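**Student:** structure for this input, please:
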Amino acid sequence: MRISFLGLGHMGLPMALNLVRAGHDVVGFDVVPAAIDAARAAGIPVADSGRDAAASAEVVITMFPSGRHVIDAYRGSAETPGLLAVAASGTLFIDSSTIAVDEAREAHALAEAAGHRSVDAPVSGGVVGAENATLAFMVGGTDEDFEAARPLLEVMGRRVVHCGGAGLGQAAKVCNNMILGISQIAVAEAFVLGERLGLSHQALFDVASNASGQCWALTTNCPVPGPVPTSPANRDFQPGFAGALMNKDLGLAEQAIELTGVDARMGRLAREIYEEFANGAGAGQDFSGIINTIRAESRA
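**Tutor:** Residues are numbered from 1 along each chain as shown. Just a heads-up that it's a prediction; the model follows:
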């Protein structure tokens, strides 16, 4: 298929490369010159603009930093037509950005009004998942549009779940990452408590990873070096998923909490903790580095 891939950063570029390897005709674009250079070096043709890339595509995939970027790119302005205006009628728009549920629904409505098809398809799995084509996609949209998007998503990911109508892919993502943020804090607090009590990291891991404390934040993203050799703690918390991104996602969860009126005290507290972390040294660290904040703020 002819695919326009817009947003060729740490996640977007390897996703686009997997589509190329599967035989698709991919043209990319990014507003960041370094991302364009990296795409060209990897062998992906780059258009002069996102609009040029979208004009001849059957499918437009976006991977942008925020919902406002998605809406603005779809809409364009009075002086510059947006992606929806230049795309051929019936183009399938797949937005894999992580944005607010109401923004995803607005993007769906704009695409539909312009005569296009649309799904929201945020991802989980980080850069490693993007590189290895093992991402999980949470998809919102009609059954028909989901089936149209599914073959492409399966090229880039291992698990593709249709979560329901417009915006419900983003709803699943925000709920999942709220669980992740809360559980990563809990795992970090438990390890610091274990340290204070004289428990070795390995002993705590061996117990909790085979008991009711078992979770992804422990068995994959273990916040101490040693028990899980591939976890960021063994690389000085070089990010698989940065603290700034966790803060962003928990902010989206907080928006959804406000919108729905849910009594989600743990979700709000996790946002507060990660906001402080991201405003400091944690912005560019893996979010499991929150364990250092817990150590620093614990009573001597």
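**Student:** okay, CA-based contacts and neighbour counts for the rest of this
**Tutor:** Fine.
**Student:** state the distance from R2 to A16.
**Tutor:** Distance of R2 to A16, given as CA to CA, to the nearest Å: 12 Å.
**Student:** one more: A53?
**Tutor:** A53 is 13 Å from A16, where distance means CA to CA.
**Student:** anything in contact with each of those two?
**Tutor:** Both A53 and A16 are in contact with 5, 28, where contact means CA atoms under 8 Å, 6 or more residues apart in numbering.
**Student:** comparing the two, which residue is more hemmed in?
**Tutor:** A count of neighbours by other CA atoms under 10 Å puts A16 above the other of A53 and A16, at 28 against 25.
**Student:** does the more buried one touch F5 like I think?
**Tutor:** Yes - between A16 and F5 there is a contact under CA atoms under 8 Å: 6.5 Å.
**Student:** show me the common contact partners of those two, please.
**Tutor:** 26, 28.
**Student:** what residues do R2 and A16 have in common as contacts?
**Tutor:** Shared contacts of R2 and A16 (CA under 8 Å, 6+ apart): V26.
**Student:** excluding its backbone neighbours, what's nearest F205?
**Tutor:** P227 (6.7 Å; CA to CA, 6 or more residues apart in numbering).
**Student:** V224: what secondary structure?
**Tutor:** When classified by DSSP: H, G, I helix; E, B strand; the rest coil, V224 comes out as coil.
**Student:** state the phi and psi torsions of the residue lying closest to it once chain neighbours are set aside.
**Tutor:** Take V224 and drop its neighbours on the chain: the residue closest to it by CA to CA, 6+ apart is A233, 5.2 Å away. A233 has phi and psi values of phi -60, psi -20 when expressed as degrees, to the nearest 10.
**Student:** what is the burial count for A233?
**Tutor:** Neighbours of A233 (other CA under 10 Å): 23.
**Student:** how about A38?
**Tutor:** For A38, the number of neighbouring residues by other CA under 10 Å comes to 14.
**Student:** what is the strand or helix carrying it packed up against?
**Tutor:** Using DSSP states H and E, A38 falls within helix 33-41. With contacts taken as 3 or more CA pairs under 8 Å, 6 or more residues apart in numbering; DSSP states H and E, helix 33-41 sits against no other helix or strand.
**Student:** max-length strand in this protein?
**Tutor:** strand 157-164 (DSSP state E).
**Student:** in its sheet, what does it sit against?
**Tutor:** strand 135-140 (parallel) (DSSP bridges).
**Student:** so for the partner strand, mean pLDDT?
**Tutor:** For strand 135-140, the mean pLDDT works out to 97.
**Student:** show residues contacting it.
**Tutor:** Under CA under 8 Å, 6+ apart, the answer for strand 135-140 is 119-126, 129, 146, 153, 156-170, 172-173.
**Student:** how distant is that strand from the center of its chain?
**Tutor:** For strand 135-140, the separation from the chain centroid amounts to 10 Å (computed by CA atoms, centre = their mean, to the nearest Å).
**Student:** thought S49 was touching F29?
**Tutor:** Yes - the pair S49 and F29 qualifies as a contact (CA under 8 Å) at a distance of 6.2 Å.
**Student:** those two: which is more packed in?
**Tutor:** Each of S49 and F29 has its neighbours counted (other CA under 10 Å); F29 has more, 27 against 13.
**Student:** you'd agree the more buried one is up against I36?
**Tutor:** Yes - counting by CA under 8 Å, I36 is a contact partner of F29 at 6.7 Å.
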